[in-house]
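Enquirer: heads up, no residue letters with this:
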Ligand SMILES: Nc1nc2c(ncn2[C@@H]2O[C@H](COP(=O)(O)OP(=O)(O)OP(=O)(O)O)[C@@H](O)[C@H]2O)c(=O)[nH]1
Ligand SMILES: [Mg+2]
């Protein structure tokens, strides 16, 4: 209790005591004067007065209890529930995805990242990461912030050469009115030359993507490389402030023009109030008297903006970030599974293309198309579907194989493949063999196009996409006409189709 309120209570108690003594005195006088004439009336009045005092005491006691009730403990800030639920849901899905990954190392890495994100659901800090090009003044900014808020020297090493900060370092800060502690992380500069620079940049980028709030520091107009990095962070939804440092180096008009230019370039990505000019470590200036003066750091507008953002968005920042991280993890797991499935599926296509080639070479038919080999292709469709978790029955497999075979004919892919492969085969083997091998080789090639198209179909969850089957087939035909692919394919074709024919001819 403060001294003034103590004084007030004392005065109140003395006043109440004085009034009570006066009241008792006056009432006893009244009682005796009435009792003199009518003792019964006097006793009745006494009884009434006692009742009145008792009621007054009860009311006072009730209010005293109400006001002295212990205060509810201050509620700790909580992350918005629906976002946390969404993050938990995503993490559960990620866990299922991870179980499907065969590569042990990748599985472990993704699982430990899932645990990290789960743990961050209950953390009580806000992570602010300072990020940007080497020598932009990141460490200077951290030093200035810590000096300003705690009055202590942070001691982060500052230096003109790029790469002064080689490893991240984190400081803890408290901001009044914010229920969470702030973790302020300095990172090595990005866009530095050399292998060491690239490794440091990767570490810094990881920290940047994990930040709840990002301070992207620049000291000039945005270079294209800075713009690309910042744009990608803003596009994934990373809450960021763009800090324009070293304002002391620019005449005011130039500075305004520069900031306006940056605002213009980032107008659809960041609001003007989130672009903040500062001078974290202004250089000494020479006064007219010849003396040198080092101005104080000018970071107040940035501190104000950080405080405003953290106070108004703090809990959402944390929740959005956790959600963002779990979504990114889910995407990484999905990508991993997609790669794994693709590798398995390509092996299947590779196997079937030579099965088809063998079947066609043994029983050549007039003209080449995949209708004749629809039964084999249906089997391939079933196997591909299984890899992508889709159970396809034989009937459906046949339907799909037949409609794809028809599309290959109608698009002219069959004719195009036949001509392309005839020419290539002629340059590799004798004319006699071309005539006997071309049908099998073309059938293998068409099976490959069909198989690759089916991979796309299953990848998209049994959907051909907006352009339908036609577009997918055309795209696969285009991709499989590339020189380097045709060369490798032809080498395989010679080994698997032409060579057996030669061997058969030479056999007695
Ligand atoms: N004129 C001026 N120079 C500054 C300012 N802030 C930082 N510097 C200078 O810029 C240079 C780089 O500063 P640092 O704080 O080391 O930069 P950094 O971004 O941490 O650099 P790396 O750790 O190498 O990525 C130093 O020479 C600082 O003195 C400023 O506001 N004005
Ligand atoms: Mg540094």
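Expert: Right, received. Where do you want to start? All figures in this text were calculated on a predicted structure; none of them were measured in a lab. Ligands and ions are numbered 1, 2, ... in the order given.

Enquirer: Quick check: residues of this structure near ligand 2?
Expert: The chain comes close to ligand 2 at residues 138, 139, 164, 165, as judged by CB under 5 Å from the ion. Quick note: C-beta positions are derived from backbone N, CA and C, even for glycine.

Enquirer: distance of the first one from residue 93?
Expert: The span separating residue 138 from residue 93 equals 36 Å under the rule CB to CB, to the nearest Å.

Enquirer: Between the two, which has more neighbouring residues?
Expert: Ranked by neighbour count (other CB atoms under 10 Å), residue 138 and residue 93 place residue 138 first, with 30 against 15.

Enquirer: what packs against the host helix or strand of residue 91?
Expert: Using DSSP states H and E, residue 91 sits within helix 81-100. Where contact means 3 or more CB pairs under 8 Å, 6 or more residues apart in numbering; DSSP states H and E, helix 81-100 is packed against helix 104-120, helix 300-362.

Enquirer: Give the buried residues for it.
Expert: Neighbour counts over helix 81-100 (16 or more other CB atoms under 10 Å) mark 83, 84, 86, 87, 88, 90, 91, 94, 97, 98 as buried.

Enquirer: Identify the residues contacting the second one.
Expert: Contacts here follow CB atoms under 8 Å, 6 or more residues apart in numbering; on that basis residue 84 touches 121, 319, 322.

Enquirer: Out of these, flag the one nearest to ligand 1.
Expert: Closest approach to ligand 1 among these (CB to the nearest ligand atom): residue 322, at 28.0 Å.

Enquirer: which residues does the spatially closest residue to residue 190 that is not a sequence neighbour contact?
Expert: Sequence neighbours aside, residue 201 is the residue nearest to residue 190 in space, at 4.5 Å (criterion: CB to CB, 6 or more residues apart in numbering). Residues near residue 201 by CB under 8 Å, 6+ apart: 188, 189, 190, 191, 192.

Enquirer: and the first one, how many neighbours?
Expert: If you count neighbours by other CB under 10 Å, residue 188 ends up with 25.

Enquirer: ok, now the second one?
Expert: Here the count is done by other CB under 10 Å, and residue 189 has 23 residues near it.

Enquirer: same check, this time on the fourth one
Expert: Around residue 191 sit 16 other residues, with neighbours defined as other CB under 10 Å.

Enquirer: Ligand 2 versus that one, what's the distance?
Expert: 14 Å (CB to the ion, to the nearest Å).

Enquirer: got it, and the last one?
Expert: Distance of residue 192 to ligand 2, given as CB to the ion: 11 Å.

Enquirer: returning to that earlier point: who wins for neighbours among the contacts of residue 84?
Expert: residue 322 (24 neighbours).

Enquirer: ok, that one - contacts?
Expert: Counted by CB under 8 Å, 6+ apart, residue 322 has contacts 79, 83, 84, 87, 117, 120, 121.

Enquirer: Give me the distance between it and ligand 2.
Expert: Counting by CB to the ion, the gap from residue 322 to ligand 2 is 28 Å.

Enquirer: picking up where we left off before, widest-spaced pair of the contacts of residue 201?
Expert: Maximum pairwise distance among the contacts of residue 201 (CB to CB): 10.8 Å, between 188 and 191.

Enquirer: residues in contact with the nearest residue to residue 154 once chain neighbours are set aside?
Expert: Computed as CB to CB, 6+ apart, the closest residue to residue 154 that is not its neighbour in sequence is residue 146, at 3.9 Å. Residues counted as contacts of residue 146 (CB under 8 Å, 6+ apart) are 152, 153, 154, 171, 173, 184.

Enquirer: Name the residues linked to the fourth one by a beta bridge.
Expert: Read it as residue 171. Taking DSSP bridges as the rule, residue 171 bridges to residue 184.

Enquirer: residues contacting it?
Expert: Per CB under 8 Å, 6+ apart, neighbours of residue 171: 142, 146, 154, 183, 184, 186.

Enquirer: ranking those residues by neighbours, who comes first?
Expert: Going by other CB under 10 Å, residue 142 tops those with 26 neighbours.

Enquirer: ok, the one helix or strand residue 205 maps to near ligand 1 or not?
Expert: When elements are assigned from DSSP H and E, residue 205 belongs to helix 194-210. No - using CB under 6 Å from any ligand atom, helix 194-210 never reaches ligand 1; the gap is at least 8.6 Å.

Enquirer: and the angle from that helix to helix 300-362?
Expert: 110 degrees (axes from the mean of the first three to the mean of the last three CA atoms, to 10 degrees).

Enquirer: Let me know the angle separating helix 194-210 from helix 104-120.
Expert: 40 degrees.

Enquirer: which is the next helix or strand following helix 194-210?
Expert: Following helix 194-210 toward the C-terminus (DSSP H and E): strand 213-218.

Enquirer: Next up, phi/psi of the closest residue in space to residue 129 that isn't next to it in sequence, please.
Expert: Distance criterion CB to CB, 6+ apart; nearest residue to residue 129, sequence neighbours excluded, is residue 211 at 3.6 Å. Backbone torsions of residue 211, given as degrees, to the nearest 10, read phi -70, psi 150.

Enquirer: pLDDT below threshold where in the protein?
Expert: Within the chain, the segments meeting pLDDT under 70 span 1-2, 67-80, 364-368, 505-508.

Enquirer: show me the contacts for the residue nearest in space to the middle of it.
Expert: In the chain, the centroid-proximal residue (CA atoms, centre = their mean) is residue 324; its distance is 3.4 Å. When contacts are counted by CB under 8 Å, 6+ apart, residue 324 is found next to 236, 237, 238.

Enquirer: Just give the closest residue to the second one, not the sequence neighbours.
Expert: The reference is to residue 237. Of all residues not flanking residue 237 in the chain, residue 324 sits nearest, at 5.7 Å (CB to CB, 6+ apart).

Enquirer: What of the first one?
Expert: If you skip the residues right next to it in sequence, residue 236 has residue 324 as its closest partner in space, 6.6 Å away by CB to CB, 6+ apart.

Enquirer: and that neighbour, how far is that from residue 205?
Expert: 15 Å.

Enquirer: Okay then, goodbye and thanks.
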